Structure formats: structure tokens, C-alpha cells
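Just a sequence and a predicted model for now, questions to come.
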Amino acid sequence: MSQKERPIFYRQEVNKTIWEVPERYKSLLPVGSGAYGSVCSSFDEKTCRKIAVKKLSRPFQSIIHAKRTYRELRLLKHMNHENVICLLDVFTPATSLKEFNEVYFVTHLMGADLNNIVKCQKLTDDHVQFLIYQILRGLKVRPRDLKPSNLAVNEDCELKVSKTPPVVIMASNLDYKRLV
């Protein structure tokens, strides 16, 4: 079994916090933050695409935080639907277990959440119809707290369910107990 070569990391301060990410992820810019972490947009030089990098807040400070981190990673790893945010990469800058206190998730970058969009502009009937269609398609994986701020939308009006925990998995072909 061959091991993947460890990437070279660089450090950048974002909103008074040090981010340490692989060199392939350039131009970190803050996008937002929440209870579980902060998100930056970035450019992935390997794929030539804009992506989102989420730095988890204190992922191992307690058993509860560690379980939440593990659960989110396991769920994101199994997401494979065009209307649900999926995991593109996961990494840590740590080189030993003793240093392992940071985890970063990489996902597709979406422009805004639906909550902000409906606050800023009036949607046409066609937009509403298209968004509802995408929500219903994405509901195979349904966050228990489904609300506009958990729905990410890009400039092409493409929607993805974005917040994973807490979640109820509706797909019939998954082994639920193994995921959580």
C-alpha cells in the first residue's frame, strides 16, 4: 500500500486566526463563520476552481466536539448528490498525533445562502420554482433544521443543501449505523 505524499503547507492570517493550508489552495478570503467553524473562499490550483475551505473550531476540545467532527466528516464523505454540498478534500497540517488539533474540510464554493438572497431581492416565480425543485431533489439527505440559511445558492441559481449536522439520512441504500 503506497502512502500519499504530504503536501507543502503555508500559513495565512484570516480574521486574527492562523490558517495553515496546502499550497494548492491560494488566496484565502473570509466568507463566514458559525458555531462549528469559519469558512474561506480559495482558489484550488490543482483543479483551477474556486472552493470553500472550512476550518473547524476546536474540533477535539471535548468528546462531544470530537464526535461532532467525526460525524460531519463521515456524512460529508458519503454525500454524492448534485444538490447537496459534498466533501472535496479533508486535511490537517499536523505531522504527529500530538500536534493533531486542527481539521479543515474543502467543499464547493457557493455564492450565498438562500436566506440572504430572499432578504436582498425579490425572486421571480421561475426562480422560486427552480429553487423548490432543487430543494426537493436534495431532500434525500435532509437536515433536521432545514431553513433558507442552510441552502447555498450560486450565481447560476444552482442550490445545494449546505449544513450537515444534525441530519436525517433518507436514502435507502446507506447503512445508517456505520455512518454516525
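Happy to help now that I have it.

Quick check: which element contains the spatially most central residue of the chain?
Note on the chain: the residue nearest the mean C-alpha position is residue 107, at 4.8 Å, using C-alpha atoms, centre = their mean. Per DSSP states H and E, residue 107 falls inside strand 104-108.

Tell me which other helices or strands the helix or strand following that strand touches.
Next in sequence after strand 104-108, counting helices and strands by DSSP H and E, comes strand 112-113. In terms of contacts (3 or more C-beta pairs under 8 Å, 6 or more residues apart in numbering; DSSP states H and E), strand 112-113 is packed against strand 151-153. The C-beta positions use only the backbone N, C-alpha and C, and glycine is treated the same way.

now for the strand it packs on, which elements pack on it?
Of the remaining helices and strands, those touching strand 151-153 by 3+ C-beta pairs under 8 Å, 6+ apart are strand 112-113, helix 114-120, helix 125-138, strand 159-161.

now the first one, how far from the chain's geometric center?
For strand 112-113, the distance from its own C-alpha centre to the chain's C-alpha centre is 13 Å (C-alpha atoms, centre = their mean, to the nearest Å).
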